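1. heads up, no residue letters with this:
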């Protein structure tokens, strides 16, 4: 084997190792300690209460957002499919720019169903503290969290898939792929994809 070929192989190996380390660092660099949300009974629901889960998916939705409605069936399917695999889905009713504030009565327009056909209550993020903490800007937008140590590492943030308007034309299921990878003990893969949806109203 020539010296030139050895040098090329060595350089390629070093590049691969550098990329692998960079991905690992990127996936472990964002973390969340805890946060609390309010349910329909005005009771606080804390993130830490799900520390025993394999993963937690936080999804920001809005009943008046057409994109949220387009994803209703897809989100229901994901929540149902992964509930038995140790994954908890938290759906947060989030105000968007088209309205002054989230209206509790409008939340009935958006129903996310889980196994058995039961509706999942939408949680309230008072003051949009959680959306700001996680960097969410659109509805719907998903954040995949994995319990690590005393907190939760952010493994994926962004779009649910690559086609908001036509489910039949979806080619890349970003959230599902990240979930499958994390549950299998692998790196999430793609860690960030810009979500298409309604802009979250900023305070």
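-> It's in. The shown structure was predicted, so the numbers you read here are calculated from the model rather than taken from an experiment. Numbering: from 1, shown residues only.
2. Show me the shaky parts of this structure.
-> For the chain, the stretches with pLDDT under 70 are 1-29, 98-120.
3. Please list the outside residues in contact with stretch 175-185.
-> Residues external to stretch 175-185 that are found in contact with it (CB atoms under 8 Å, 6 or more residues apart in numbering): 54-55, 57, 78, 82, 85-87, 142, 144, 146, 155-156, 159-161, 187-191. For every residue, glycine as well, the C-beta is placed using N, CA and C.
4. Check the offset of that stretch from the chain's centre.
-> 12 Å (CA atoms, centre = their mean, to the nearest Å).
5. And stretch 129-140, by the same measure?
-> Centroid separation between stretch 129-140 and its chain, computed with CA atoms, centre = their mean, is 10 Å.
6. Same question for stretch 164-179.
-> Counting by CA atoms, centre = their mean, stretch 164-179 comes out at 13 Å from the chain centroid.
7. Tell me where this protein has helices.
-> For the chain, applying DSSP state H gives helices covering 3-29, 66-70, 72-83, 129-134, 174-183.
8. before we move on, back to that, can you say which of the contacts of stretch 175-185 are buried?
-> 55, 57, 78, 82, 87, 142, 144, 146, 155-156, 159-161, 187-188, 191 (16 or more other CB atoms under 10 Å).
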